[in-house]
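Asker: From the sequence below, what's the structure:
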Amino acid sequence: MELWFTEKQTPAFGITAKIKQTYVSEKTDFQDLAMVETEEFGNMLLLDGMVMTTVKDEFVYHEMAAHPALNTHPNPKKVLVVGGGDGGVIREVIKHADVEKAVLVEIDGKVIEYSKKYLPEIAGKLDEPNVEVLVNDGYMHIIEHKNEYDVIIVDSTEPVGPAAPLFERGFYQGIYEALREDGIFVAQTDNPWFKADLIQKVNKDVKEIFPIVHVYGCNIPTYPSGLWTFTMGSKKHNPLEVDETQIPEMDTKYYSPRLHKAAFVLPKFVEDLTK
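Answerer: Residues are numbered from 1 along each chain as shown. Take a look at the predicted model:
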């Protein structure tokens with residue numbers, strides 16, 4: 001018998017994958033967690049019925065969450081990742097030689113545990129000596145650590161359940177205060193086809209706090225609509241003023257020095273959401 005999983009990305013639209021086997025299906029203290037093997041995208045992490053990452057296309061999200069901000073900041077010594085228990089963003093962060101310490105704050109320890117077991121190619125750098133992993137509330141961590149980080153990356157799920165507070169204006173204000181005087185933050189801000197209102201709201205909120213704000217995009221086939229956005233807020237450094245010739249070539253599959261500024265060129269209907 002064939003087994004298929006469908007994520008309902010809207011009440012009337014979904015994405016479907018053929019399942020080879022189910023490794024884990026349990027309710028944690030925070031959410032429904034499943035780890036499955038799909039025929040097309042390999043192992044896949046699901047939270048509350050939503051695709052979080054897959055072995056086949058994970059590199060797009062994780063590289064684009066990390067490298068645009070880290071290659072905009074001239075000296076990112078201390079970096080915080082909020083959420084991101086699968087470890088993919090941390091893996092990309094510590095590719096930067098300037099990073100002396102990377103801190104991961106994930107509220108659900110089960111995400112870390114099962115990612116290490118079933119997604120080792122993604123979570124394999126969580127035990128590196130310059131990485132600190134905390135199972136804690138990222139919102140409270142932000143509030144309790146003022147003027148401490150050079151770059152903060154918010155790797156959250158969609159704005160439901162435990163991730164809902166991570167899309168509120170108060171959280172972005174807390175991030176501003178947790179950053180040093182020339183700090184940069186970036187957050188995933190979903191897709192413009194089904195969540196246009198979210199992109200507009202986040203953009204408005206962040207512009208009220210940070211002097212420099214830009215939205216950029218990438219293509220992730222297993223995420224809703226495939227077209228994904230990130231919003232970057234910066235106190236001083238502008239990602240569009242970076243000298244691309246000074247960006248080092250890295251061990252990546254999606255991000256490159258040529259893509260750095262190109263990612264900020266948005267389709268007109270997405271650009272309109274940021275005005």
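Asker: remind me which residues of the protein are low pLDDT?
Answerer: Within the chain, the ranges that satisfy pLDDT under 70 run 158-165.
Asker: If you drop the residues flanking it in sequence, what lies closest to the spatially most central residue of it?
Answerer: Closest to where the C-alpha atoms of the chain average out (CA atoms, centre = their mean) is residue 155, at 3.2 Å. Nearest non-adjacent residue to residue 155, counting by CB to CB, 6 or more residues apart in numbering: residue 84, 3.2 Å away. Quick note: C-beta positions are derived from backbone N, CA and C, even for glycine.
Asker: Quick check, the one you found in contact with residue 104.
Answerer: Yes - Residue 84 lies in contact with residue 104 (CB atoms under 8 Å); the separation is 6.2 Å.
Asker: one step back: got the contact list for the residue nearest to residue 155?
Answerer: Residues in contact with residue 84, defined by CB atoms under 8 Å, 6 or more residues apart in numbering, are 65, 90, 104, 106, 153, 155.
Asker: sorry, back to before: and the residue nearest to the centre of the chain, bridged to which residues?
Answerer: Note on residue 155: beta-bridge partners by DSSP bridges are residue 83.
Asker: what's near enough to touch it?
Answerer: 65, 81-84, 88-89, 188.
Asker: which of the residues you listed sit farthest apart?
Answerer: Distances among the contacts of residue 155 were taken as CB to CB; the most separated pair is 82 and 88, at 13.8 Å.
Asker: so where does residue 171 fall, helix or strand?
Answerer: Residue 171 is part of helix 169-178 when elements are defined by DSSP states H and E.
Asker: who touches that helix?
Answerer: For helix 169-178, contacts defined as CB under 8 Å, 6+ apart pick out 80, 139, 142-143, 145-149, 152, 154, 165, 183, 185, 202, 205-206, 208-210, 233, 235.
Asker: which among these end up buried?
Answerer: With neighbours counted by 16 or more other CB atoms under 10 Å, the contacts of helix 169-178 contain buried members at 80, 139, 142-143, 145, 148-149, 152, 154, 183, 185, 202, 205-206, 209-210, 233, 235.
Asker: Tell me which entries of the residues you listed lie within helices.
Answerer: 139, 142-143, 202, 205-206 (DSSP state H).
Asker: what about residue 138, how many neighbours?
Answerer: Using other CB atoms under 10 Å, residue 138 has 27 neighbouring residues.
Asker: meant to ask about residue 55, not that
Answerer: Residue 55 - counted by other CB under 10 Å - has 18 other residues nearby.
Asker: Then residue 269?
Answerer: Residue 269: 10 surrounding residues under other CB under 10 Å.
Asker: Now it: which helix or strand?
Answerer: Here residue 269 sits within helix 268-271, counting by DSSP H and E.
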